[in-house]
Structures are given as C-alpha cells and as structure tokens.
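> Below: sequence and its predicted model.
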Amino acid sequence: MKRLVLSLAAACMAFAFGVPAAQAGQGDTLAMVKERGRVLCPGHNGSYLGFAEVDDAGNWKGLDIELCKALSTAIFGSPDKAEIVPLSWAQRFPALAANDIDAIIKVTAWTLGRDTEIGLQFSRPYLIGTTQLLVTKALGAETAADLDGGSICVGAGSATERQVTDYFKKLGVEVNLITYENTNEMVASYFAGRCDALSGWGPNIAIRRASAPNPDDHVFLPDVVALEAEAIAVRQGDDQWVDIMNWLLSALMTAEQFGITQANVDDAKANPASPEVERLLGVTPGVGDRLGLSNDWAYNVIKTVGNYGEIFDRTLGADSPYKMPRGANALWTDGGVMFPLAFD
C-alpha cells in the first residue's frame, strides 16, 4: 500500500506539471505481467454498481471486473490471476502511469484529450454509454417525441442537461427541464411523479430503476440522446498490449456472433462451423503466436467467462438486477453497433 501511495503521488506530480506518462516499449507490459504472475486492474473505492461491485463475501463482480478476469484468462489460462486494485476515478490515470495497474478497465470514455495529452492509448470500445430517458409505463410514451409538453428530471449544469436540451430542440418538441443539484433528489422526484421522464447515462438509470418499488413499471424509451465510447486505456507505445485488448474484445464478440457460449464452446471446438472459428478456438494454430499468448487463449476465455452477450447480460442486462436493454451494445446482426474484427 505504501508503494502504491508513493507511486501515485509521483505520477500525480508528473501530470500536474504536464509531464507525459512514460511510454511502454513493445511487449514490455505483457512481459512484466507474466513475470509478476498476475494482472492488475482497477476496481472502485466502494461499489460502482454493474461495473465494479463488492458482494457480501468481499468478492468483486461487474462488467469491468469480468473483462479483467477475461484478460487474466487470456494470459494465464485462469481468471484467478486477476488482482483488483481499489481506486477512485481520479487515481486511475496516475496509477496506470506509475505501473500500479496494467490497464484501465473502468468505464473510461475515449476522448481526444485523453488520447493525445496524458500518455494513453485506447482499445476499441467495449461499451457504448448512451444518454437515455426512463418513463413510467403508465405514461404510454413510445418515443421522446411523445413527451411534448412534459417535464424531464435532469442534473443541473450536467452534460446531460445540455444533451437533452439539444436533442429535444432537434426534435422540435417543447419540454420543461426540472434541474437538480443532487442526484438522489432528482431520482426521488422522478419516482414521486414530479417529472414525466428521468434522464441520464443509461447504466446509471438502469441501476436506479432496479431500486424502484416496482421496476417493471418503468421503461426505457428507444431514443439515444447522446453516446460516448467506453474503452480500455493502456500506456502509450506498447502496441502488443493494446493488440491483446482489441483481440480479447473481438474474441468475445466473435463468439457471440457465431453462437459460441460458455456451455457449448467444447462442442464448437470439436466441430468448428468455419475456418474463422477454427482459428478463434486454436484448432488452427496462430491466433496466440502473433500476440505472445497460447493458441487456445480465446477458447479458455470463452470457457471461463462466456461470450460478450453472456457477460453483458449477467452484469448489466437481462440476467442482472438492472435489466438494462442491450440497445446500441447489441451486435450489428441484432441492430446494435458492436462488431467483431476478423480472425484471419
């Protein structure tokens, strides 16, 4: 802990004085992780529901945690080599710069400033964070246009307030924004019926919806008010490490696209449906050699955590307490924007 505090302090000083984080050399991070014998990922300083939660037994769970376990499995063949380091939002960037974590898998938006100014590079997005609207089923609204003349609860001075204002202006729909400085007050006002709709970041709204006395009485409108791409951030300069992140995410999405699940991956490996599946599951060698991993790494990941859809469903979606619709996070074959890269 002392080493973590000191290294974080040093990294914070570097950031404060505009010194870029040290760049990693080609393959340095994977070599360091293998030598250490575990991969270090950020958790949260408490529970961030749906992404990094601590259960009653002290175990971490959530979407970000599952992806860290998938990364551990890709490297070591086991999820048990994933070590979760509790960190606040502000600590994640200096912790990465100081080598106190190996990758930021912590709901981090890919932005120009982060990509160019603080020594980070990003994977492909693993989640599309959408700003959405929640309404009571009894209202009968089917789209945002049906809220003409209605009221919307929104955080005062937030990005969501601007996004909602712009969205309804584009629709040509008049709404009354009721702003709140306190998020808990805003949510309580919506559930008390003082607003027709609750606006906010989709996963957060889904989590709030789960706390309602009757969650099924509240539904998401299909409108996407705004979105941001959440991606894995790593130190700049280590192309092999960011390649591993990209192909890990693609493996999870490829498995879903081909219907390969945690339950049937052994059958898929024994009877591959296509040459791409053969390559994905290591039947045809090469998928690991080019990344510095074993050729069965993707098979091990799917066997351990399942495909992308399975991970989403049990952490945020249909099999979780939050019942968040897949929406934009569905595969392109199902009307979403997620797609795998080709395993050639």
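Good, I have the coordinates.

> Look at Val283 and give its secondary structure.
coil (DSSP: H, G, I helix; E, B strand; the rest coil).

> Quick check: the gap between it and Asp166.
50 Å (CB to CB, to the nearest Å). All C-beta spots, glycine's among them, are computed from the backbone N, C-alpha and C.

> Which of the two has more residues huddled nearby?
Relative neighbour count places Val283 above the other of Val283 and Asp166, with 18 against 12, counting by other CB atoms under 10 Å.

> if you skip the residues just before and after it, what's nearest to the more buried one?
Counting by CB to CB, 6 or more residues apart in numbering, Val283 lies nearest to Pro272, which is 5.6 Å off, once chain neighbours are set aside.

> since we're on that neighbour, how many residues are nearby?
Look at Pro272: counted by other CB under 10 Å, it has 18 neighbours.

> Just say helix, strand or coil for it.
Here Pro272 takes the coil state, with states given by three-state DSSP.

> heads up, I number from 22, so please use that
Will do, 22 is the new start, and the previous item becomes Pro293.

> Spit out the contact partners of it.
By CB atoms under 8 Å, 6 or more residues apart in numbering, the residues touching Pro293 are 299, 302, 304.

> and which of those residues is nearest Tyr211?
Leu302 (46.4 Å; CB to CB).

> ok, now how distant is that closest one from Gly79?
From Leu302 across to Gly79, the span is 34 Å (CB to CB).

> Which one of the two is surrounded by more residues?
More crowded of Leu302 and Gly79, by other CB under 10 Å: Leu302, with 29 against 6.

> So that one is in contact with Lys290, correct?
Yes: Leu302 is within contact range of Lys290, at 4.5 Å (criterion: CB atoms under 8 Å).

> separation between Ser99 and Val322?
Distance of Ser99 to Val322, given as CB to CB: 11 Å.

> what touches both of the two?
By CB under 8 Å, 6+ apart, no residue touches both Ser99 and Val322.

> Of the two, give the one with the bigger neighbour count.
Neighbours were tallied for Ser99 and for Val322 using other CB under 10 Å; the higher tally belongs to Val322 (26 against 12).

> Would you mind naming the helix or strand containing Gly280?
Assigned by DSSP states H and E, Gly280 belongs to no helix or strand.

> What pLDDT does the model give it?
You'll see Gly280 listed with a pLDDT of 98.

> Same question for the one 5 residues further on.
The score at Asn285 is 98. That number is its pLDDT.

> Look at it and say how many residues are nearby.
Neighbours of Asn285 under the rule other CB under 10 Å: 12.

> Thr325 versus that one, what's the distance?
Separation of Asn285 from Thr325 (CB to CB) stands at 14 Å.

> distance between the helix or strand harbouring Leu154 and the chain's centre?
Secondary structure from DSSP H and E places Leu154 in strand 141-157. Centroid separation for strand 141-157 versus its chain: 7 Å, with CA atoms, centre = their mean, to the nearest Å.

> And that strand, what does it pack against?
If you count contacts as 3 or more CB pairs under 8 Å, 6 or more residues apart in numbering; DSSP states H and E, strand 141-157 packs onto strand 125-130, helix 133-138, helix 180-192, strand 218-222, helix 223-231, strand 239-241, strand 247-256, helix 260-278.

> Can you name the next helix or strand after it?
Immediately after strand 141-157, counting by DSSP H and E, sits strand 172-176.

> what residues does that next one touch?
Applying CB under 8 Å, 6+ apart, the contact partners of strand 172-176 are 154, 181-182, 185, 196-202, 204, 207-208, 210-211, 215-221.

> mind showing which ranges of this structure have poor pLDDT?
Residues of the chain meeting the criterion pLDDT under 70: 22-48.

> ok so, going back, list only buried entries from the contacts of strand 172-176.
154, 181-182, 185, 196, 198-199, 201, 207-208, 210-211, 216-221 (16 or more other CB atoms under 10 Å).

> Glu299 is in contact with Thr305, correct?
Yes: using CB under 8 Å, Thr305 makes contact with Glu299 at a distance of 4.4 Å.

> re earlier: could you dump the helices and strands packed on strand 141-157 into JSON lines and include distance to Ile149?
Shown next, in JSON lines, are the helices and strands packed on strand 141-157 (distance: least, CB to CB, whole Å):
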{"stretch": "strand 125-130", "distance to Ile149": "11"}
{"stretch": "helix 133-138", "distance to Ile149": "17"}
{"stretch": "helix 180-192", "distance to Ile149": "14"}
{"stretch": "strand 218-222", "distance to Ile149": "11"}
{"stretch": "helix 223-231", "distance to Ile149": "9"}
{"stretch": "strand 239-241", "distance to Ile149": "14"}
{"stretch": "strand 247-256", "distance to Ile149": "5"}
{"stretch": "helix 260-278", "distance to Ile149": "13"}
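
> Thank you kindly, that will do.
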